[in-house]
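Trainee: show me the folded form of this:
(one chain, ligands or ions: 1)
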Amino acid sequence: MKNVLVIGSTGQIGSELTMKLRSIYSGDIVAGYIKGAEPRGELAESGPSMEVDITNARQIAEAVDRYHVDTIYNLAALLSAVAENKPLLAWHIGIDGLLNVLEVAREKKCAVFTPSSIGSFGPTAPKDGTPQDTIQQPKTVYGITKVTGELLSNYYNLKYGVDTRSVRFPGLISYVTPPGGGTTDYAVDIYYSAVRGEEFVCPIAPGTFMDMMYMPDALRAAIEIMEADPSKLRHRNSFNIAAMSFDPEIIASKIREHLPEFEMRYEVDPLRQGIAESWPNKLDDTCARMEWGWKPEYDLEMMTIDMLDKLSRRLSKP
Ligand code: AKB
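Mentor: Have a look, this model is predicted:
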């Protein structure tokens, strides 16, 4: 049995992870939400939910006490492009919020998962086969919060024994809840345009490669790292994980194999393009594979078939 608090349960990852955790564990999986982003439908009906704003330590502690929480999934964050326009808020949520979570976890003995990102690397890291342990000098405030979060999480583990663990997520692609304000969002939006029969206007230039992953693999990674045998973990915060790497031309041609009429043109967004160019092309995830058996299931072909199928059904519903 596990009692879990998911902070940010109505976001892109949280909405699916909360449901997945409820399908696996017999305890209470609490959907933590902020005002204005309350859970709806299945998410609201299938388990407990509670207002838990990550910037409010008291709310986190109350949820942990009320539901005897042993594990916190901390998914609150502003994504990279939005964070560049709201750097102070990005820091407040990403770092002040993380410290609230870590302090509650220290006092109440909870394990903590906090995602990091490919955005924790900057232009000085090797671009191809970016190693697990290498220089991390991000140029974005998002990346700065991710590196700081990795270091703080390791600090709480070493100093206080808090069971902190993390993975560096690539761009995540899903047909359920759209992302908001990321640099990799185009790889989700492109499927919506394709299924709607619309031309896609791509904000990222051809030749710009980034790591991407289908949501079922990302959910599995978040659960498997928390289930991993701690004696096997040489790293904790955070593991490189990878599944596929492509540029806009490659994903567009893959979609055209299934929808030959699909059209795309470019209107490059300088903010997102600048961020994308500062990120790696492809991470090396050998350590995650060796230390806890990480292995992705979906490649671009499998993901495209599933996305087109699931999205067509979703979008055809009245
Ligand atoms: C973003 O684009 O900001 C995120 C990420 C890769 O961390 N999807």
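
Trainee: which residues pair with Y73 across the strands?
Mentor: V6, F113 (DSSP bridges).

Trainee: these two touch, right, it and A222?
Mentor: Yes - assessed by Cβ atoms under 8 Å, Y73 is found in contact with A222 at 7.0 Å. Placement of C-beta: from N, CA and C, glycine included.

Trainee: quick one, which of the two is more surrounded?
Mentor: Legend: neighbour count by other Cβ atoms under 10 Å for Y73 and A222, higher for Y73 (27 against 22).

Trainee: contact partners for the more buried one?
Mentor: Shown in contact with Y73 (Cβ atoms under 8 Å, 6 or more residues apart in numbering): 4-7, 14, 17, 21, 113, 222.

Trainee: out of those residues, which is nearest to S231?
Mentor: Of all those, F113 has the smallest distance to S231: 18.5 Å, by Cβ to Cβ.

Trainee: is it true that that closest one touches T71?
Mentor: Yes - shown here, F113 and T71 form a contact pair, counting by Cβ under 8 Å, at 7.3 Å.

Trainee: of these two, who's got more company?
Mentor: Using other Cβ under 10 Å as the criterion, F113 and T71 rank with F113 on top: 24 against 21.

Trainee: near the ligand, which residues of the stretch 1-150 of the chain show up?
Mentor: By Cβ under 6 Å from any ligand atom, the residues of the stretch 1-150 of the chain that approach the ligand are 79-80, 117-119, 142.

Trainee: hmm, A222 is touching S166, no?
Mentor: No - assessed by Cβ under 8 Å, A222 is found out of contact with S166, at 9.2 Å.

Trainee: hey, what's in contact with both of those two?
Mentor: Residues touching both A222 and S166 by Cβ under 8 Å, 6+ apart: 113, 115.

Trainee: surely E84 meets T145?
Mentor: No - assessed by Cβ under 8 Å, E84 is found out of contact with T145, at 11.6 Å.

Trainee: more crowded one of those two?
Mentor: The residue with more neighbours, out of E84 and T145, is T145; 28 against 20, by other Cβ under 10 Å.

Trainee: nearest spatial neighbour of the more buried one, chain-adjacent residues omitted?
Mentor: Using Cβ to Cβ, 6 or more residues apart in numbering and skipping the chain neighbours, the partner closest in space to T145 is G94 (3.3 Å).

Trainee: ok, that neighbour to D70 distance?
Mentor: Remark: distance between G94 and D70 (Cβ to Cβ, to the nearest Å) = 24 Å.

Trainee: overlap in contacts of F113 and T71?
Mentor: Common contact partners of F113 and T71 (Cβ under 8 Å, 6+ apart): M226.

Trainee: tell me where the stretch 1-150 of the chain has strands.
Mentor: Counting by DSSP state E, counting those that start in this stretch, one finds strands in the stretch 1-150 of the chain at the ranges 4-7, 29-33, 49-51, 71-74, 111-113, 116-117, 128-130.

Trainee: now the ones you listed as JSON lines including mean pLDDT?
Mentor: Converted to JSON lines, the strands of the stretch 1-150 of the chain look like this (pLDDT from 0 to 100):
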{"stretch": "strand 4-7", "mean pLDDT": "98"}
{"stretch": "strand 29-33", "mean pLDDT": "98"}
{"stretch": "strand 49-51", "mean pLDDT": "98"}
{"stretch": "strand 71-74", "mean pLDDT": "98"}
{"stretch": "strand 111-113", "mean pLDDT": "98"}
{"stretch": "strand 116-117", "mean pLDDT": "98"}
{"stretch": "strand 128-130", "mean pLDDT": "98"}
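
Trainee: figure out which of the ones you listed is closest to V188.
Mentor: With Cβ to Cβ as the criterion, V188 lies closest to strand 116-117 of the strands of the stretch 1-150 of the chain, at 15.6 Å.

Trainee: per-residue pLDDT, the residue sitting furthest away from the middle of the chain?
Mentor: In terms of distance from the mean C-alpha position of the chain, E261 ranks first, at 31.5 Å (Cα atoms, centre = their mean). pLDDT recorded at E261 is 97.

Trainee: also P318?
Mentor: pLDDT for P318: 69.

Trainee: next: T124.
Mentor: For T124, the predicted pLDDT is 98.
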